[in-house]
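Show me how the following folds:
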Amino acid sequence: MKADHPQSGCGTLIGSGIAVLVCSAALLTSSCADTYAAEGAKSGAVGGAVAGAVLGIFTGNVGGSMLAGAAASAAAGAAIGGMTPKAPPGTAPAPAPAQGQAGGGTKDPKLLERQHELENKIGAANFDAARMLALCRHSSAIELARNAYKTADTQERRGYALMIEAVTAEEKGDSATAAAVYPRLVEVDPQIGSADKARNAALSGVLKVQQVRKDYGLPPTCT
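Reported below is the predicted structural model:
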C-alpha cells in the first residue's frame with residue numbers, strides 16, 4: 001500500500017458519520033443514501049446523505065465532522081475524477097455517455113451543486129488533497145493537506161486537513177507521519193479524547209476510502 005498512483009465511504013458517531021458522508025459526497029445513487037441515512041440517524045447525524053437529500057451535518061461535534069469529512073471528500077474526489085460506481089447486482093448497466101459527452105462526467109446540476117457545497121464546506125485545498133488520496137497519490141495528498149492546514153481559516157478546516165494527512169499516512173504505511181498528526185488533532189478538537197482514539201478513527205477512514213474505491217470499480221488498496 002505504498003504506491004503513489006492507482007492500478008487502473010468518535011465512537012459510533014464517527015464510524016457511522018463517515019459512512020453517511022462517504023455515501024453522500026461520492027454522489028452515489030439514492031440506494032446508497034438510503035443505506036447510510038438510517039445508520040447516520042442513529043449516530044446523531046441531523047442531515048441525510050446528499051444523494052438522497054442533503055449533506056449530513058453533525059450536531060456540535062467538530063471531531064466527528066472532520067473525521068467524516070476526510071473520507072467524504074476523498075469519495076467526492078473519486079466521483080468528480082470521472083469514476084462510475086458499480087451497479088448493484090441484478091440491475092441494468094448504466095447507459096453509455098451520449099456522443100460528445102465525457103465518459104463518467106456529470107452535467108446533472110443537482111450533483112454539481114452538491115459537489116460545490118462539499119467543496120465550500122471543507123475548503124478547496126482540502127478538497128484537492130482528498131482527491132489525491134482517493135486516487136492513491138499519497139505524497140501529493142499529504143503535501144496538499146499540509147498546505148490546506150496552513151491556509152485554513154477555521155478550526156474545522158484545520159481538522160479536515162489533519163485527518164486527511166493522517167488517513168493518507170496510515171494507508172501509505174507511514175506510521176511516524178501519522179503518529180505526529182494525532183496529538184495535533186486532539187488540540188484542534190479535545191472531544192476526540194486521545195491520540196489513540198484519533199488513530200482508530202483514521203484507520204476507520206482508511207477502510208471507508210478503500211470501500212469507495214471499490215464501489216467505483218478501482219482496486220480498493222494502493223499497490
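
I'd like to know how far residue 169 sits from residue 117.
28 Å (Cβ to Cβ, to the nearest Å). Backbone N, C-alpha and C define where each C-beta goes, glycine included.

Tell me which of these two has more neighbours.
Higher neighbour count among residue 169 and residue 117: residue 169, with 23 against 14, using other Cβ atoms under 10 Å.

Please identify the helix or strand for that one.
helix 155-172 (DSSP states H and E).

In terms of secondary structure, what does that helix contact?
helix 62-80, helix 124-134, helix 138-151, helix 175-188, helix 195-215 (3 or more Cβ pairs under 8 Å, 6 or more residues apart in numbering; DSSP states H and E).

That one to helix 138-151, inter-axis angle?
Angle, helix 155-172 to helix 138-151, by axes from the mean of the first three to the mean of the last three Cα atoms, to 10 degrees: 160 degrees.

list the buried ones in stretch 132-142?
Going by neighbour count (16 or more other Cβ atoms under 10 Å), the buried part of stretch 132-142 is 132, 133, 134, 135, 136, 137, 138, 140, 141, 142.

Report the contact partners of the last one.
In other words, residue 142. 129, 165, 168, 169, 172, 177 (Cβ atoms under 8 Å, 6 or more residues apart in numbering).

Repeat the analysis, applying 6 Å as the threshold.
Listed by Cβ atoms under 6 Å, 6 or more residues apart in numbering, the contact partners of residue 142 are 165, 168.

if I look at it, how far off is residue 166?
Residue 142 is 10 Å from residue 166, by Cβ to Cβ.

likewise the fourth one?
Here the distance between residue 135 and residue 166 works out to 18 Å (Cβ to Cβ).

got the buried residues of stretch 132-142 as a markdown table, with distance to residue 217 and pLDDT columns?
Formatted as a markdown table, these follow (distance: Cβ to Cβ, whole Å; pLDDT from 0 to 100):
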| residue | distance to residue 217 | pLDDT |
| --- | --- | --- |
| 132 | 19 | 82 |
| 133 | 17 | 83 |
| 134 | 13 | 77 |
| 135 | 13 | 79 |
| 136 | 14 | 86 |
| 137 | 18 | 88 |
| 138 | 20 | 93 |
| 140 | 22 | 93 |
| 141 | 20 | 90 |
| 142 | 25 | 95 |
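
For this structure, which residues score under the pLDDT cut-off?
Within the chain, the stretches with pLDDT under 70 are 1-108, 110-112, 114-115, 118, 212, 215-216.
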